[in-house]
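Enquirer: Kindly generate the corresponding structure for this input.
(2 chains)
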Amino acid sequence: MGGDEVILLNYWMSMFGARVRIALEEKGLNYEYREEDLQNKSPLLLQMNPVHKKIPVLIHNGKPICESNIIVQYIDEFWNDKAPLLPSDPYEKAQARFWADYIDKKLYDSGGKITWYKNKEDAEEGKKELLEIFKALEGALGDKPYFGGENFGYVDISLIGFYMRFHAYETIANFSIEAERPKLMAWVKRCLERKSVAKSLSDPKTVYETVLKFRKIRGLD
Amino acid sequence: MPSDEQLLLLDFWVSPFSTRVKIALAEKGLSYEIQEEDLLGGKSDLLFKSNPLYAKVPVLLHNGKPVVESTNIVHYIDETWPSPQLLPACSYGRSRARFWADFIDKKVFDAGSNIWRSKGDELEAAKNDFIDILKKLEGAMGVKDYFGGDEFGFVDVILIGLTTWFYAYEKYGGFKIEKECPKFAAWINRCKERDSVAKNYIDPQKAYEFVGLLREMHGVE
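Expert: From the prediction side, this is the model:
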């Protein structure tokens, strides 16, 4: 679309920011990427998201859209001429929103129990919860190639960014997601073959090293 | 609505989240049946089957197919029966409505719960936090009559049901919303004049008594 200015305020490690990057890539959109230093947030970020002061923020022709799943829905509805991300049927849409909401409610906190553990019990609890969540997600996936069915879509986009943290979860809590949840990992590999995903995810090893760095800074190690 | 369409709401009489759904259904002029769930006594098999991950109300069954999570249900109702439309027509307006619905979901009920669950200094902090949230919401409404602008809309539906428990928060928190946030109080009264709200508004005195029961159950003195 001619004349559109699209800016993404993001943090390279954010699984929420990854959602927006993937959606923009799926739609073939040009945008300006701006990296935020979360210890020193830009005036633009604070101006565009005064309520939460968080990334990601999409700025479209000067107007901000906040909260990653809301941004993805916006991208899908505004640029609706190609690559639909949400189903058109209202019931299917409701199912997609339910799973994206489930991922939001559960995954970050349970994963956080592992990455920011204070004692071994925290990490163990986080691991158990994570495996339960993954089991429920495998149930939702069923035999389909993607959560969206034949087509990569909203729920896939909502979840795949967390792959960046898998190496950290596995190394810290000493388990293998591949061994415990092979169907989920098969889905991950399928997603990683997509250009939009490969372009938007940071290297899990770099993420793990940064988690360790933050653990030291927070006095956890 | 065609006579072969069936709507069943799994409900708990004092749930402010169920109230949201009832108001949305009323706005659309839809008739439905209610199955009252005894959340304190024993949940029904249908509830467990329809909402296996959370086993919570409300659940809307449309021709036997369940939709769960109240905001998701309101979205579904709005998309399936588009007239009158609750969400704005333009993508940007929709993203703002979803943003505030998400803010309300993340903040309001939990902040209210913190009031009735706490005492002393904690109670004072909880009260101030709650008032702060209402002030932010007043800012979102601006000079308009409703969150939807000139018309009652999506965000109004999402929020007004939660206000049925505000009398309980006022009593336990020792404050009055009319005094702290007069614009917000005016908005509540404006909404209560609507048929859809008036017919489904839980008696705040009864909600207050129910919260008293919860306080006993949680051992708050």
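Enquirer: ok, and the closest non-adjacent residue to residue 18?
Expert: Answering for chain A, as no chain was given. A:Gly161 (3.2 Å; CB to CB, 6 or more residues apart in numbering or on different chains). To be clear about C-beta, it is placed using only N, CA and C from the backbone, and glycine gets the same treatment.
Enquirer: ah, no, chain B please
Expert: B:Pro58 is the one closest to B:Ser18 (CB to CB, 6+ apart), at 4.2 Å.
Enquirer: was I right about the one you found contacting B:Trp13?
Expert: No: using CB atoms under 8 Å, B:Pro58 makes no contact with B:Trp13, being 11.4 Å away.
Enquirer: quick one, which of those two is more surrounded?
Expert: Between B:Pro58 and B:Trp13, counted using other CB atoms under 10 Å in any protein chain shown, B:Pro58 has the larger neighbour count: 24 against 16.
Enquirer: Report the separation between that one and B:Val67.
Expert: According to CB to CB, to the nearest Å, B:Pro58 stands 9 Å off from B:Val67.
Enquirer: Ok, A:Gly148 next?
Expert: Distance of A:Gly148 to B:Val67, computed by CB to CB: 18 Å.
Enquirer: more crowded one of these two?
Expert: Neighbour count, other CB under 10 Å: between A:Gly148 and B:Val67, B:Val67 has more, with 27 against 19.
Enquirer: buried set for whichever helix or strand the more buried one is part of?
Expert: Secondary-structure assignment from DSSP states H and E places B:Val67 in strand B:65-68. For strand B:65-68, burial by neighbour count (16 or more other CB atoms under 10 Å in any protein chain shown) applies to B:Pro66, B:Val67, B:Val68.
Enquirer: show me the contacts for the second one.
Expert: Remark: with contacts taken as CB atoms under 8 Å, 6 or more residues apart in numbering or on different chains, B:Val67 is in contact with A:Tyr91, A:Ala94, A:Phe98, B:Val59, B:Leu60, B:Leu61, B:Ile73, B:Tyr76.
Enquirer: what about B:Trp116, distance to chain A?
Expert: Distance, B:Trp116 to chain A, by CB to the nearest CB, to the nearest Å: 23 Å.
Enquirer: all helices for the chain, in order.
Expert: Reading this off chain A. All helices of chain A, identified by DSSP state H, fall at A:15-26, A:43-48, A:68-78, A:90-115, A:120-141, A:154-160, A:163-173, A:177-180, A:182-192, A:195-200, A:204-217.
Enquirer: wait, chain B
Expert: Under DSSP H, chain B gives helices at B:16-27, B:45-50, B:70-80, B:91-117, B:120-141, B:154-160, B:166-173, B:177-180, B:182-192, B:195-198, B:204-217.
Enquirer: Just want the angle from the last one to helix B:91-117.
Expert: So the one you mean is helix B:204-217. Orientation of helix B:204-217 against helix B:91-117 (axes from the mean of the first three to the mean of the last three CA atoms, to 10 degrees) gives an angle of 60 degrees.
Enquirer: what does chain B put close to chain A?
Expert: Counting by CB under 8 Å from any CB of the partner chain, chain B comes close to chain A at B:53, B:62, B:65, B:67-69, B:72-73, B:75-76, B:79-80, B:91-92, B:94-95, B:98-99, B:102-103, B:136.
Enquirer: From the residues you listed, keep the buried residues only.
Expert: Neighbour counting with 16+ other CB under 10 Å marks B:53, B:62, B:67-69, B:72-73, B:75-76, B:79-80, B:91-92, B:94-95, B:98-99, B:102-103 as buried within those.
Enquirer: count of neighbours near A:Pro43?
Expert: The number of residues packed near A:Pro43 is 7, by other CB under 10 Å.
Enquirer: is it true that B:Ile177 touches B:Trp187?
Expert: No: between B:Ile177 and B:Trp187 there is no contact under CB under 8 Å: 10.3 Å.
Enquirer: just for the chain, where's the confidence low?
Expert: Chain wasn't specified; assuming chain A. Within chain A, the ranges that satisfy pLDDT under 70 run A:1-2.
Enquirer: try again with chain B
Expert: Those would be B:1-4, if you go by pLDDT under 70 across chain B.
Enquirer: need the contact list for A:Asp203.
Expert: A:Asp203 neighbours (CB under 8 Å, 6+ apart): none.
Enquirer: separation between it and A:Lys53?
Expert: As for A:Asp203, its distance to A:Lys53 is 27 Å (criterion: CB to CB).
Enquirer: Same check on B:Lys49?
Expert: Applying CB to CB, the value for B:Lys49 to A:Lys53 is 42 Å.
Enquirer: Stretch B:110-129 spans what distance, first to last residue?
Expert: Counting by CA to CA, to the nearest Å, you get 11 Å between the two ends of stretch B:110-129.
Enquirer: Give the buried residues for that stretch.
Expert: Neighbour-count burial for stretch B:110-129, counted by 16+ other CB under 10 Å, picks out B:Ala111, B:Gly112, B:Ser113, B:Asn114, B:Ile115, B:Trp116, B:Arg117, B:Ser118, B:Leu123, B:Ala126, B:Lys127.
Enquirer: The second one touches B:Ile131, doesn't it?
Expert: It refers to B:Gly112. No: the pair B:Gly112 / B:Ile131 is not scored as a contact, 11.2 Å apart, by CB under 8 Å.
Enquirer: Just give me the neighbour total for A:Lys199.
Expert: If you count neighbours by other CB under 10 Å, A:Lys199 ends up with 11.
Enquirer: related to what we said a few turns ago, okay if I get the buried residues of stretch B:110-129 as JSON lines plus distance to A:Glu178?
Expert: Compiled in JSON lines, those are given as follows (distance: CB to CB, whole Å):
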{"residue": "B:Ala111", "distance to A:Glu178": "41"}
{"residue": "B:Gly112", "distance to A:Glu178": "43"}
{"residue": "B:Ser113", "distance to A:Glu178": "40"}
{"residue": "B:Asn114", "distance to A:Glu178": "41"}
{"residue": "B:Ile115", "distance to A:Glu178": "46"}
{"residue": "B:Trp116", "distance to A:Glu178": "46"}
{"residue": "B:Arg117", "distance to A:Glu178": "42"}
{"residue": "B:Ser118", "distance to A:Glu178": "45"}
{"residue": "B:Leu123", "distance to A:Glu178": "49"}
{"residue": "B:Ala126", "distance to A:Glu178": "44"}
{"residue": "B:Lys127", "distance to A:Glu178": "49"}
